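Novice: Let me see the structure of the following:
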Amino acid sequence: MKPIQLLLLATIVFSFTISCSNQPDKAQGSSNQTNMANDTSKTHTTKIAQKITPCLWVEKDAKAVADYYLSIFKEGKLKDYRQFKNMPKQEGLNDPGYFETAVLELQGMEFSILAAGPLFKFNEAISLVINCKDQTEVDYYWDALTKNGGEEGPCGWCKDKYGLSWQVVPVEYFDLIHSTDSTVRNKAMINTFKQKKIILSELK
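Specialist: Residues are numbered from 1 along each chain as shown. Model (predicted):
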């Protein structure tokens, strides 16, 4: 089995370990986390609250990444943080034999963070949509995600400082582009292509 295949397999195994284990309200320390992850004698009985959990691969500092997103999405919490040391060396790891994982909850949705080196990068093939209640909320998330290394894109798309793509969209926007009035619908669609951050007042 190739090194990258081994690493991906390890990722899946540890993701299951984190998702199925009892999740504390506060993140656990990193002591003897490897032993805990490798202990197969325990039967996990905790129900998994979320059927599908997005896993975000970053280069390093899983805790810092989690803290970054928690600073933007105020309704959230760090549910788990672990360090895995003295693992079999794999090509491409930021620090051979060492990686980190974190589990966080943002707006009621759980995400896993895997910090395991620069093997993979985010791209626009996937993005996360933020459904905003009004223009003020659009402005907040757009500004928070694009500052300090983020990047503005067209039609409501942007990237955060880690390169993850987001769509920051006011919910009223969908009423406009799905309107039964073709004039309303066409104006909203045409003006969307002229924008970066979505400005509702310019679409109506």
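
Novice: Tell me the spacing between the most centrally placed residue in the chain and residue 129.
Specialist: Most central in the chain under CA atoms, centre = their mean is residue 56, positioned 5.3 Å from the mean C-alpha point. Distance, residue 56 to residue 129, using CB to CB, to the nearest Å: 15 Å. Using the backbone N, CA and C atoms, a C-beta is placed for each residue, glycine as well.

Novice: residues contacting the residue nearest to residue 162 when sequence neighbours are not counted?
Specialist: Nearest non-adjacent residue to residue 162, counting by CB to CB, 6 or more residues apart in numbering: residue 58, 5.9 Å away. Under the criterion of CB atoms under 8 Å, 6 or more residues apart in numbering, the contact list for residue 58 reads 65, 113, 114, 115, 162.

Novice: neighbours of the first one, just the number please.
Specialist: Using other CB atoms under 10 Å, residue 65 has 24 other residues around it.

Novice: sec struct for it, please.
Specialist: helix (DSSP: H, G, I helix; E, B strand; the rest coil).

Novice: my guess is it meets residue 115, correct?
Specialist: Yes - with contacts counted by CB atoms under 8 Å, residue 65 reaches residue 115, the gap being 6.9 Å.

Novice: who touches both of these two?
Specialist: Shared contacts of residue 65 and residue 115, defined by CB under 8 Å, 6+ apart, comprise 58, 102.

Novice: contacting residues around residue 195?
Specialist: Residue 195 makes contacts with 154, 155, 156, 202, as judged by CB under 8 Å, 6+ apart.

Novice: Show the subsequent helix or strand relative to the helix or strand where residue 111 lies.
Specialist: Using DSSP states H and E, residue 111 sits within strand 109-115. As assigned by DSSP H and E, the chain's next helix or strand after strand 109-115 is strand 127-132.

Novice: got the CA positions of that next one in CSV?
Specialist: Only the C-alpha atoms of strand 127-132 are listed here, as CSV (Å, rounded to 0.1, in the frame of the first residue of the first chain):
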residue,chain,number,x,y,z
SER,A,127,-18.0,25.5,-0.8
LEU,A,128,-20.0,26.1,2.3
VAL,A,129,-23.1,28.3,2.1
ILE,A,130,-24.0,30.7,4.9
ASN,A,131,-27.7,31.6,4.7
CYS,A,132,-27.8,35.1,6.1
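
Novice: Can I get the very next helix or strand once past that strand in CSV, CA atoms only?
Specialist: Later in the chain than strand 127-132, the nearest helix or strand by DSSP H and E is helix 135-146. The C-alpha coordinates for helix 135-146 follow below in CSV (Å, rounded to 0.1, in the frame of the first residue of the first chain):
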residue,chain,number,x,y,z
GLN,A,135,-27.6,42.5,4.6
THR,A,136,-26.0,43.2,7.9
GLU,A,137,-25.3,39.5,8.5
VAL,A,138,-23.9,39.2,4.9
ASP,A,139,-21.6,42.1,5.6
TYR,A,140,-20.4,40.6,8.9
TYR,A,141,-19.5,37.1,7.5
TRP,A,142,-18.0,38.5,4.3
ASP,A,143,-15.7,40.9,6.1
ALA,A,144,-14.7,38.3,8.7
LEU,A,145,-13.9,35.6,6.1
THR,A,146,-12.0,37.8,3.6
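
Novice: Brilliant, that's me finished.
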